[in-house]
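S.K.: Below is the sequence, then the predicted model.
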Protein chains: 2
Amino acid sequence: MTTLGYAILGLLSREDLSGYDLTQRMAGRVGYFWSARHSQIYPELARLEDGGYVTHSVVEQKERPDKKVYEITAEGLDALKGWTIEPPKPRPTRDELTLKTYSVWLADKEKAVRLFREEELKHEEQLAHYEKLRGRMEGEWREDLTSTNSPEFASYATLRRGISYEREYAEWCRWMADSIESRRSTERRKRQNGE
Amino acid sequence: MTTLGYAILGLLSREDLSGYDLTQRMAGRVGYFWSARHSQIYPELARLEDGGYVTHSVVEQKERPDKKVYEITAEGLDALKGWTIEPPKPRPTRDELTLKTYSVWLADKEKAVRLFREEELKHEEQLAHYEKLRGRMEGEWREDLTSTNSPEFASYATLRRGISYEREYAEWCRWMADSIESRRSTERRKRQNGE
DNA sequence: ACCCGCATGTAAGTCGTTACATGATTCT
DNA sequence: AGAATCATGTAACGACTTACATGCGGGT
């Protein structure tokens, strides 16, 4: 089974969904840390059904095309439960901005500052969005968040990860931009002193 | 040009290296946020040479097999400089542990706590390793770190990212483990009270 | 008439991993 | 004699992205 398979099972364990619905959820970043396109989802659903992890039934709609609504099976739920508490196989972290940073000593400093300020802004915006969601969750789900057995707690926990990730990233971007800016003036002074 | 190509150029801009040397650097996590195997590196070097970004010369060694040592060209350096300050194309963040968290409400709580404690430890260890490196860098490179034009500053900057990333991750893992543990006792109490 | 949203698929191509393959030298 | 390191490649496969393909119904 692939990780994508478990991502789909994770969604289906909460509600029955069509391939189209799943695609919407996966675009909106399931748990904020996985995503997939419909071209990956439809074949994976077929494989999951083949393996007995899900079943589907056709739902006829008036004024909308028919759809296949998928449901998780008992075997699917078992597999998901088991996978959840197994250590993740370590995947190499790939982050292009940090890779760029490795060569930032060669770059035009003004443009580099602009780059890091822009990236900082993106992460701040994502952070603000997450914080808004967090406020809503803490308000609406106060009861559910007292138990770790609720899907609400699980959603909240992944959101917390999103929040701290974005905050950390934004802070580092700010540190980068500030560092380059302040050291730029140091170098200007040096050149003026003929050093 | 691929991102891997720029990763290689980033290394070659600092020193001339063979495919084998590059493989070692890429295994040890270039700038801590990119990696590749030799099977990807050798063909990519051929493409880079084809595009005029690098050249190679054969170095004969006594008591070691011959090797091809690669050198970045002026065009290669230009391309690298330009790429460095361009905004990275957004790649979806994929993190398996956070995906697992999305389904943690289904899992055995004791095993879940163990999982997050183990992952916390891994990130703490990585963090400790990075902190040691940081200490060494700040000691040995004091001069170089005052200028953003030095490769030492660039290495230091990526290390800073590694440090804050690992710290953030470890903290979140701890929060997760603590949350599940404390709420577990809440639920035990609830069951005992017949709620 | 044309575009948008709903709905489901397939095909081609890229990026990356694992495995296959070879050969020299040095250490045990 | 066998394992470990240096050194360079290719092949097969899996995961993911982009593009191709089709069809209905509603709104402008």
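M.R.: Right, received. Where do you want to start? Here the structure is a predicted model, which is why all the values come from computation and not from measurement.
S.K.: Any stretches of chain A with poor pLDDT?
M.R.: Confidence mapping of chain A against pLDDT under 70 gives the ranges A:29-31, A:185-195.
S.K.: Can you show me the helices along it?
M.R.: A:3-12, A:19-27, A:38-50, A:74-84, A:96-101, A:109-140, A:151-192 (DSSP state H).
S.K.: Dump these to TSV, plus mean neighbour count.
M.R.: C-beta: built from backbone N, CA, C; applies to glycine. What follows is the helices of chain A, written out as TSV (neighbours: other C-beta atoms under 10 Å in any protein chain shown):
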stretch	mean neighbour count
helix A:3-12	24
helix A:19-27	17
helix A:38-50	16
helix A:74-84	18
helix A:96-101	24
helix A:109-140	16
helix A:151-192	18
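S.K.: closest to B:R64 out of those?
M.R.: helix A:96-101 (30.4 Å; C-beta to C-beta).
S.K.: from the middle of its chain, how far away would that closest one be?
M.R.: Relative to its chain's centre, helix A:96-101 lies at 19 Å (C-alpha atoms, centre = their mean, to the nearest Å).
S.K.: Which residues of chain A lie near DNA strand C?
M.R.: Residues of chain A lying close to DNA strand C by C-beta under 7 Å from any atom of the strand are A:18-21, A:23, A:38-39, A:42-43, A:45, A:61, A:64-68, A:92, A:94.
S.K.: Keep only those of the residues you listed that are also close to DNA strand D.
M.R.: Of the residues in the residues of chain A next to DNA strand C, proximity to DNA strand D by C-beta under 7 Å from any atom of the strand holds for A:S39, A:R64, A:P65.
S.K.: what's around the last one, how many residues?
M.R.: Residue neighbour count, defined by other C-beta atoms under 10 Å in any protein chain shown, stands at 7 for A:P65.
S.K.: phi, psi of it?
M.R.: phi -60, psi 160 (degrees, to the nearest 10).
S.K.: Could you pull up the residues touching it?
M.R.: For A:P65, the contact set (C-beta atoms under 8 Å, 6 or more residues apart in numbering or on different chains) is empty.
S.K.: so how far is DNA strand D from A:Q40?
M.R.: Distance, A:Q40 to DNA strand D, using C-beta to the nearest atom of the strand, to the nearest Å: 4 Å.
S.K.: Would you mind confirming that A:E75 makes contact with A:V54?
M.R.: No - assessed by C-beta atoms under 8 Å, A:E75 is found out of contact with A:V54, at 9.3 Å.
S.K.: what about the residue in chain A that DNA strand D sits nearest to, distance to A:L45?
M.R.: Per C-beta to the nearest atom of the strand, A:S39 is where chain A lies closest to DNA strand D, at 3.2 Å. If you measure A:S39 against A:L45 using C-beta to C-beta, to the nearest Å, the figure is 12 Å.
S.K.: closest to B:I85 out of the helices of chain A?
M.R.: Nearest of those (C-beta to C-beta): helix A:109-140, 4.1 Å.
S.K.: Could you tell me the angle between that closest one and helix B:74-84?
M.R.: Put simply, helix A:109-140 runs at 30 degrees to helix B:74-84, going by axes from the mean of the first three to the mean of the last three C-alpha atoms, to 10 degrees.
S.K.: Please report the distance of A:L77 from A:G52.
M.R.: A:L77 is 12 Å from A:G52, by C-beta to C-beta.
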